[in-house]
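Engineer: can you look at this prediction? I've put the sequence above it.
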Amino acid sequence: MSAGEVRLAIDGPVARIFFDRPAAMNAMTWKMYGEFEEISHRLAAWTDLRAVVLRGVGGRAFVAGSDIAQFAEFDSGADGIAYERKMDRILDAFASIKAPTLAVIDGMAIGGGLNIAGGCDLRVATAGARFGVPIARTLGNCLSMRNYARMSAGLGEAMAKRMLLLGELVTAEELAGTGFLARIVPADEIDETADKLVSRLLAGAPLSMAASKAALGRLARSTLPDIDDLIDSCYGSADFREGIRAFGEKRKPDFTGR
């Protein structure tokens, strides 16, 4: 299957990022993560940028997580720690963009896709779009502390636990009361809604928005504890290796807690 690509299109003061691997519901490959990081650094250095819009290609998903097949090359918990640090570095590069960012979610935002959407300043979704991090029933791995904090802050602790402990995929409508989504609209209205939000961002004071975004970002990162021991315990486990095998064999994993 294609390794996919992350594409950048420039529309005046607006940058549009496309996650383009529709055959795999835009699941992210290492190549795609590298392109996303490179684009983020480029946009962070663009002083006249006023807004950034992120979308998945194909209409079925924003991003359906990382490509699970890639985890087969992991040998130990140290690989998991390195991976989560890499994900933090990539999302930090994206967060360094001073202009406001908007995720347009049509379909699924799962795992790493939810993390990318959560790293945006605003999100708009189609009715029925689904969100989740079903790692407890798929791979048996975990997230970085920054992604746990981002989930809790954006979704609320109770909703985050539904996603993480029960492995539930929840709909856009179920997230309506959390504030995570700025708008929920029918599929045929998503483009118009996104354009209206971008227009409002373009009309705002750039320095004011950049200051607010930076201040909130510093606040969110100010008290995060280290959880390398927890990451090592998951990625170094027999359960994680079983999750990878089960995915490849298209069966339900048999977790044992080891």
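Structural biologist: That came through, no problem. Predicted, not measured: the structure shown is a model, and the values here were computed from it.
Engineer: please point out which parts of stretch 141-158 sit buried.
Structural biologist: Across stretch 141-158, burial judged by 16 or more other Cβ atoms under 10 Å covers 141-151, 154-156. In short, each C-beta sits where N, CA and C put it, glycine included.
Engineer: tell me where this structure has helices.
Structural biologist: 30-44, 77-95, 112-118, 145-155, 157-165, 190-203, 206-221, 228-235, 238-249 (DSSP state H).
Engineer: neighbours of the residue nearest to Gly156 when sequence neighbours are not counted, how many?
Structural biologist: Nearest non-adjacent residue to Gly156, counting by Cβ to Cβ, 6 or more residues apart in numbering: Thr178, 5.3 Å away. Per other Cβ atoms under 10 Å, the neighbour tally for Thr178 reads 14.
Engineer: looking at it, Ala64 is touching Ala24, isn't it?
Structural biologist: Yes. With contacts counted by Cβ atoms under 8 Å, Ala64 reaches Ala24, the gap being 7.2 Å.
Engineer: tell me the most buried of the helices of the chain?
Structural biologist: Neighbour counts (mean count of other Cβ atoms under 10 Å) averaged over each of these peak at helix 112-118, with a mean of 26.
Engineer: give me the helices and strands touching that helix, please.
Structural biologist: Packing partners of helix 112-118 (3 or more Cβ pairs under 8 Å, 6 or more residues apart in numbering; DSSP states H and E): strand 51-56, strand 61-64, helix 77-95, strand 101-105, strand 130-132, helix 145-155.
Engineer: tabulate the ones you listed (JSON lines), appending mean pLDDT and distance to Arg258.
Structural biologist: Output for these, formatted as JSON lines (pLDDT from 0 to 100; distance: least, Cβ to Cβ, whole Å):
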{"stretch": "strand 51-56", "mean pLDDT": "98", "distance to Arg258": "36"}
{"stretch": "strand 61-64", "mean pLDDT": "97", "distance to Arg258": "28"}
{"stretch": "helix 77-95", "mean pLDDT": "97", "distance to Arg258": "13"}
{"stretch": "strand 101-105", "mean pLDDT": "98", "distance to Arg258": "36"}
{"stretch": "strand 130-132", "mean pLDDT": "98", "distance to Arg258": "25"}
{"stretch": "helix 145-155", "mean pLDDT": "96", "distance to Arg258": "23"}
